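Student: coords please:
(one chain, ligands or ions: 1)
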Amino acid sequence: MQPNDYIEANRNMWNETADVHAQGYVSKLFERVKDPNFSTFDDVEKHIFAHMGLDGKAVIQLCCNNGRELISVKKAGAGRCVGIDVSDKFIAHGQQLASLGGVDIEFLRSNVYDIPHNLFGQFDLVYITIGALGWLPDLDAFFGLVSRLLKVDGQVFIYEMHPILNMFDADKGLTVEASYFQSKRLFNNSIKAW
Ligand SMILES: C[S@@+](CC[C@H](N)C(=O)[O-])C[C@H]1O[C@@H](n2cnc3c(N)ncnc32)[C@H](O)[C@@H]1O
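Tutor: Next comes the predicted model:
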């Protein structure tokens with residue numbers, strides 16, 4: 001498979017996933033996002049964002065999905081916020097959520113490898129969250145782009161988990177509950193409890 005065929009197949013898969021998510025937790029998000037204190041941050045993110053400070057900062061989230069995390073960043077005081085995702089449908093959800101949440105966020109449907117060059121050098125923070133890196137076929141090229149997006153002294157925050165965590169049910173502790181090679185997610189360990 002050529003790299004562009006892979007990206008296109010992945011885009012189609014994420015568009016189908018967006019339809020599934022729309023029947024589930026996203027419908028609740030449409031209400032919850034209206035809360036001025038809406039936040040997806042867990043304790044780790046709260047700690048890190050408090051340490052680095054978000055006030056007025058220009059933030060870009062790569063592979064932002066429906067933008068709920070970026071909306072949280074904006075509501076926590078960030079300045080310009082830009083979210084990039086390859087999925088048309090997740091970007092549409094993001095635009096809807098931002099509008100309902102009363103926040104101004106620029107959403108762009110794009111393959112991260114085709115990110116417009118006019119965004120280079122514009123950001124204090126590049127934000128990359130759980131479940132993004134594993135889809136990207138060329139991490140060297142990706143992190144080259146990450147560094148070009150940053151202003152001098154800009155920062156990168158990567159919040160990732162290893163898929164081994166999906167073997168455990170967070171509610172039950174350290175007992176192995178599922179095979180590492182399961183084809184279907186059994187637990188929602190990577191979907192934070194907000
Ligand atoms: C599991 S989500 C992770 C984002 C976020 N942590 C979340 O939980 O919603 C992965 C996202 O990466 C996006 N994605 C995958 N490959 C991409 C690419 N080449 N360019 C831009 N976005 C991509 C998908 O559309 C999907 O929304």
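Student: near the ligand, which residues of the protein?
Tutor: By C-beta under 6 Å from any ligand atom, the residues of the chain that approach the ligand are 7, 10, 14, 63, 65, 84-87, 90, 111-112, 129-132, 135-136. All C-beta atoms are positioned from the backbone trio N, CA, C, and that covers glycine.
Student: Out of those, name the ones that lie in helices.
Tutor: Among the residues of the chain next to the ligand, the residues falling in helices (DSSP state H) are I7, N10, W14, F90.
Student: I'd assumed N65 was in contact with the last one.
Tutor: Yes. The pair formed by F90 and N65 meets the contact definition of C-beta atoms under 8 Å, at 5.1 Å.
Student: Just want to know which of the two has more residues nearby.
Tutor: F90 (26 against 23; other C-beta atoms under 10 Å).
Student: show me the contacts for the more buried one.
Tutor: W14, N15, A18, C64, N65, N66, G67 (C-beta atoms under 8 Å, 6 or more residues apart in numbering).
Student: Show me the domain layout of the protein.
Tutor: 3-160, 161-194 (automatic domain parsing).
Student: Pull the distance from the longest one to the chain's centre.
Tutor: Centroid separation for domain 3-160 versus its chain: 4 Å, with C-alpha atoms, centre = their mean, to the nearest Å.
Student: Could you pull out the helices in the chain for me?
Tutor: 3-23, 25-32, 43-52, 68-75, 88-101, 139-149.
Student: Make CSV from these and add mean pLDDT and distance to F157 to it.
Tutor: Shown next, in CSV, are those (pLDDT from 0 to 100; distance: least, C-beta to C-beta, whole Å):
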stretch, mean pLDDT, distance to F157
helix 3-23, 89, 22
helix 25-32, 88, 22
helix 43-52, 95, 6
helix 68-75, 98, 10
helix 88-101, 96, 19
helix 139-149, 98, 11
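Student: Would you mind finding the most buried of those?
Tutor: helix 68-75 (a mean of 24; mean count of other C-beta atoms under 10 Å).
Student: How about residues contacting that helix?
Tutor: Counting by C-beta under 8 Å, 6+ apart, 29, 33, 36-41, 49, 54, 59, 61, 64, 81, 83, 94, 97-98, 101, 103-105, 127, 129 sit against helix 68-75.
Student: mind listing what F143 touches?
Tutor: Here F143 is in contact with no residue (C-beta under 8 Å, 6+ apart).
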